[in-house]
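>>> sequence and predicted structure, then a few things I'm wondering about:
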Amino acid sequence: MVFPIIPLYSQNPSSFINERPYLTLTGQALLKASQLDKDAIKQFVSEYGSTLTLISVLIENSALFSDDDIVELLNNGVTTFFLQDATYASRLVEEIGVPTDRLALLEGSVYKNQFGVKNDFKLQDIVPVERLDSKVLTQSILSSLRTDRTDGLYTTLVVDTSERCLGLVYSSKESIEQAVDRKVGVYYSRSRKEIWIKGLTSGNTQKLVSIQLDCDADALKFVVVQEGRNSSFCHLETESCFGQFKHGLAGLEKLLQQRKLNAPPGSYTSRLFNDPALLTAKIKEEAEELTEAKDKNELSWEAADLFYFALAKLVANDVSLSDVETNLHMKHLKITRRKGDAKPKFVEKSQESNSEVQLVESLKLATYKSEDKESVNKALTRPIQRTSQIMHLVNPIIDNVKKNGDKALVEYAAKFDGVQLKNSVIESPFPEEFFEGLTPEMKESLDLSMENVRKFHAAQLIDTMQVETQPGVVCSRFARPIEKVGLYIPGGTAVLPSTALMLGIPAQVAQCREIVFASPPRKSDGKISPEVAYIAQQVGASKIVLAGGAQAVAAMAYGTESVPKVDKILGPGNQFVTAAKMYVQNDTQALCSIDMPAGPSEVLVVCDEDADVDFVASDLLSQAEHGVDSQVILLGVQLSERKVEQIQTAVRQQTLQLPRKDIVVKCIAHSSIIVCNSYEEAFKISNQYAPEHLILQIKEAANYVRLVNNAGSVFVGAYTPESCGDYSSGTNHTLPTYGYARQYSGVNTSTFQKYVTAQSVSPQGLDNIGRAVMSVAQVEGLDAHRNAVKIRMSKLGLLPEGFQ
Ligand SMILES: NC(=O)c1ccc[n+]([C@@H]2O[C@H](COP(=O)([O-])OP(=O)(O)OC[C@H]3O[C@@H](n4cnc5c(N)ncnc54)[C@H](O)[C@@H]3O)[C@@H](O)[C@H]2O)c1
Ligand SMILES: N[C@H](CO)Cc1c[nH]c[nH+]1
Ligand SMILES: [Zn+2]
């Protein structure tokens, strides 16, 4: 039960608490969202998060907070939302992933709370603070509390803020009243038969922090801070009535606090407090020793040393263990968590760590037989989030960019890319500093790749096509460049200059008038990689937008103060990028098309018993390393169990050597091997999956290309790794994923063009088709259409006299 009533705060919660400090004894607070905005709630949590166990928010209306606000509040210490609308509650759970126990939903006249303080709060238990004084609080305790003692006293457990038991005492109605009113430890002495104000004679006083009732309301718990002469609770001058506490973290903290006040000059602790460099060095030394410790003794020894120096640092800076615990609690309350990757300078060592190696050693692609249709269908399902879930995240971003333009871009760069930008756009000629670090060897490799891509895409330029459908009726079709194109170059988990050239070169070949690049800024300096800048310069890009994700797509689709609005957006990206592209292409206001949905990379390899297992493994891994949401599939035609095992081993061995093994491990978790009975069956499954990349490592691979219907790009034969197409062979690597190879082509020259048709009809031609035009127009009841032909044919004398 904890505390029978919950105070409801509408305005100025802190000033209420300042006026009536006993309000915090309840350990809980409910804040009214219609009266307190997000910032006021966060402010309250930061002030009282360490004092109150339950800080909830009452949302009477689902329009009060955006989904992002809800997540932000839960991530910043709000424990529970009290809701009245069940539909809204289930949306928060299903679409945003709010855990059900973080919502208390009104059912009849009761809010059922299941988080931390598990309790049913009846509407009458929720009391506006304006109506709460110490008498009301006392009364609410007394009316809920019961006792089976003949003297009518209440059993009271006294604990400190670390929940260590100090002793067992008794309370009377009057002592509770006084304790609440003064916020100090007041009890009832059975021996003296009188009210007992703790510390009045011994000097060991108590600050009262909170009062709790146990689950069946027949005992009290007072949480106190023991203060005064020697801070002991017991009359025998020990910390508790059960003797001294074991000297653990709380004891060490107390000792260090005393030493800080009066450590003998020249003592080691005094040196630590006065020499921050020494303290820092010791913390690093002990942390390293802990990482090297192996058995239980060593680990506890080294951890104790590290805690000692860490606590010394806390005490030196007036930070308490309780502050640390509040921080831990806040982190525990978060519903979205940081990835938790180590900083790069610590990564090298951790890559060698045993646990990672063990993870790779247990790596295994799930294996199925093609007859097991249900498992095969599951295995071929892409690991993507539901569009509606993604759209919920992406829509507010698009709206914000439409409304606030460049300001929103700067905001998102800080939020998602961790960098504070002054300007989100750089203009050609790009500043020299953007090319720093580009080596001549790299330039050479990029030049070679650009040249091959240029050759292959220039060959795709089609001359005007002309056909005389009837004598005197000439129809033609010619291509024209799309004027302004926006090219998205991904940059989240990897920098992809190759994508810059795969998009930039065909745009240049097609002669688009304006080419705009967009790519997420680097966290280190807010720039983009010099390789991407070089390609932007080589293909004649006018601007580089330093933005990633949905915000970059929105900026190019609608334009901002400094980003020009483009006619078409092209390029791959993660699910946010792809969802935003799908959104803007459907928005008539944007008047902007897209190339295709090109999301997380994927590969399907078809191999047979003769395939080289190392080649097969390397091709699977080259796409698996792209991202945790990538997927790789192997279709093995009549593969023996031994061969499957060899491939699994090769995958493990190669993964061990890869720097991105953590990504690979996650990708392999939703990737698989399917053993098929024939080549025909393998191609049937492949066409059904419609992979972005299809690699054929089978005998006489070229003969099987005829069986391919759905695929972004095909890599034929054992010596054609997919990486060649990713970088340098000449084909484009921006390809349809998610199975969209069923209806979309990969990027090619015509992706940057549109076709215009033309016709020219001579008098002879009019004579040949004019009657057909007139009769169809007549059937459609469109006389003006018919007239346009009739007038001409009459003047040419091609119609009989009196023709109507
Ligand atoms: N299909 C293809 O042709 C092809 C080619 C190259 C790359 N790819 C794929 O492109 C993808 C690149 O993804 P990436 O993440 O590395 O880079 P990215 O540039 O696509 O995305 C990074 C951006 O995502 C946004 N973002 C990140 N977390 C967010 C969140 N929680 N809410 C809103 N926005 C958020 C940020 O703005 C960030 O700048 C990979 O999946 C890769 O496989 C596909
Ligand atoms: N394989 C990716 C397309 O899915 C493209 C790429 C870029 N760099 C390396 N690979
Ligand atoms: Zn790739």
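Yep, that arrived. Ligands and ions are numbered 1, 2, ... in the order given.

>>> got the residues of the protein near ligand 2?
Selection of the chain residues close to ligand 2 by C-beta under 6 Å from any ligand atom yields 496, 498-499, 601, 692, 726, 733. From N, CA and C alone the C-beta is placed, and that goes for glycine too.

>>> break the protein into its domains for me.
6-132, 135-226, 249-333, 387-594, 602-745, 762-795 (automatic domain parsing).

>>> quick one: the fourth one near ligand 1?
This means domain 387-594. Yes. Under the criterion of C-beta under 6 Å from any ligand atom, ligand 1 is reached by domain 387-594 at 393, 412, 416-417, 490-494, 496, 499, 520, 548-550, 572-574, 576-577.

>>> and the closest residue to Asp85 other than its chain neighbours, how far from ligand 2?
Distances taken as C-beta to C-beta, 6 or more residues apart in numbering put Ser62 closest to Asp85, at 5.7 Å, once the chain neighbours are dropped. Note on Ser62: its distance to ligand 2, by C-beta to the nearest ligand atom, to the nearest Å, is 40 Å.

>>> and the residue of this protein that's closest to ligand 2?
Ser601 (3.3 Å; C-beta to the nearest ligand atom).

>>> which one is that residue nearest to, not counting chain neighbours?
Closest residue to Ser601 apart from its sequence neighbours, by C-beta to C-beta, 6+ apart: His626 at 4.1 Å.

>>> which SS state does the one you found fall under?
Going by DSSP: H, G, I helix; E, B strand; the rest coil, the secondary structure assigned to His626 is coil.

>>> I figured it hits Pro600, correct?
Yes. Applying C-beta atoms under 8 Å, one finds His626 in contact with Pro600, separated by 6.8 Å.

>>> ok, of the residues of the chain next to ligand 2, which one's closest to Thr439?
Ser498 (16.3 Å; C-beta to C-beta).

>>> that older thread, got JSON lines for the domains of the chain, with mean neighbour count and mean pLDDT too?
Listed next are the domains of the chain as JSON lines, based on neighbours: other C-beta atoms under 10 Å; pLDDT from 0 to 100:
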{"stretch": "domain 6-132", "mean neighbour count": "18", "mean pLDDT": "92"}
{"stretch": "domain 135-226", "mean neighbour count": "17", "mean pLDDT": "94"}
{"stretch": "domain 249-333", "mean neighbour count": "14", "mean pLDDT": "88"}
{"stretch": "domain 387-594", "mean neighbour count": "20", "mean pLDDT": "96"}
{"stretch": "domain 602-745", "mean neighbour count": "20", "mean pLDDT": "96"}
{"stretch": "domain 762-795", "mean neighbour count": "14", "mean pLDDT": "98"}
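
>>> any idea where the helices of the stretch 301-450 of the chain begin and end?
When assigned using DSSP state H, counting those that start in this stretch, the helices of the stretch 301-450 of the chain occupy the ranges 321-333, 344-351, 354-361, 373-379, 387-404, 406-416, 440-458.

>>> hmm, who's touching stretch 319-327?
The contact list for stretch 319-327, computed with C-beta atoms under 8 Å, 6 or more residues apart in numbering, reads 49-50, 161-162, 249-250, 253, 311, 314.

>>> and if you look at stretch 193-206?
158, 169, 172, 174-175, 178, 184-189, 222, 224-233, 235.

>>> alright, that wraps it up for me.
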